[in-house]
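Asks: here's my sequence, what's the structure:
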Amino acid sequence: MSISWRSSAAVFEQILGRHGVAAGACTMEVAWAAFEEFVQMPVEGVEGSEDDGDGFIVEWGVWDWTGNRPALSLGRLLAINEDGDRQDPYWQPQYWKVEFQACFTEDPAWAALHSGGGGNSGFDHAAIGKPRADALAATRRYIDQDPLLSAMWRSAPIDIEVTLDPAE
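Replies: Got it, this is the predicted structure:
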């Protein structure tokens, strides 16, 4: 079953709901399970994986838009191919990001986040199916092996949000 890119955030929210994810009552384990399900769903209107049309990323840090709270983000980047003249040599797809963002209370162990200690896993554009499952497993191993990320992973977020916005 494929989904429209325009309804992708709503579909992700439904999957999160089925997994029992709610603000104040969420673990990152459960959010990750929902994310794994979501990023394995084909999305209509995007470039193919051979053109990096559909990928995922994990990001962490402290940002203005999170109220300067530590945050962990699970994102899916979609290269939308609906608009413009594809014959134009300068044509580019529009990039949109479906994002699950979890914010946490301050913890002294996360002080490095305030001094530029955030980061990301890098975008992975593995094809849906086994290649993507393998890429997700590798990302999860990375999270488990990083002391800061694994500490955030074991903490319960105090605020969560799902958005679909143009990617910067």
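Asks: next, residue 31: secondary structure please.
Replies: Assigned state for residue 31: helix (three-state reduction, DSSP: H, G, I helix; E, B strand; the rest coil).
Asks: skipping adjacent residues, who's closest to residue 134 in space?
Replies: Distances taken as Cβ to Cβ, 6 or more residues apart in numbering put residue 126 closest to residue 134, at 6.9 Å, once the chain neighbours are dropped. C-beta: built from backbone N, CA, C; applies to glycine.
Asks: same thing with residue 33?
Replies: Spatial nearest neighbour of residue 33, chain neighbours left out: residue 19 (5.8 Å); criterion: Cβ to Cβ, 6+ apart.
Asks: equivalent analysis for residue 135, please.
Replies: Excluding the flanking residues, the one nearest residue 135 by Cβ to Cβ, 6+ apart is residue 126, at 3.9 Å.
Asks: any idea how far the one you found is from residue 136?
Replies: 8 Å (Cβ to Cβ, to the nearest Å).
Asks: what does residue 68 give?
Replies: On the measure of Cβ to Cβ, residue 68 and residue 136 end up 30 Å apart.
Asks: higher neighbour count, those two?
Replies: Set residue 68 next to residue 136 and count neighbours by other Cβ atoms under 10 Å: residue 136 wins out with 19 against 13.
Asks: for that one, what are its contacts?
Replies: With contact set as Cβ atoms under 8 Å, 6 or more residues apart in numbering, residue 136 has these partners: 36, 39, 56.
Asks: which SS class is it?
Replies: Applying three-state DSSP: residue 136 is helix.
Asks: so what touches stretch 12-20?
Replies: Taking contacts as Cβ under 8 Å, 6+ apart, the residues outside stretch 12-20 that touch it are 26, 30-31, 33-35, 37-38, 76, 98, 100, 162.
Asks: A strand includes residue 149, no?
Replies: No - Residue 149: not assigned to a strand; according to three-state DSSP it is helix.
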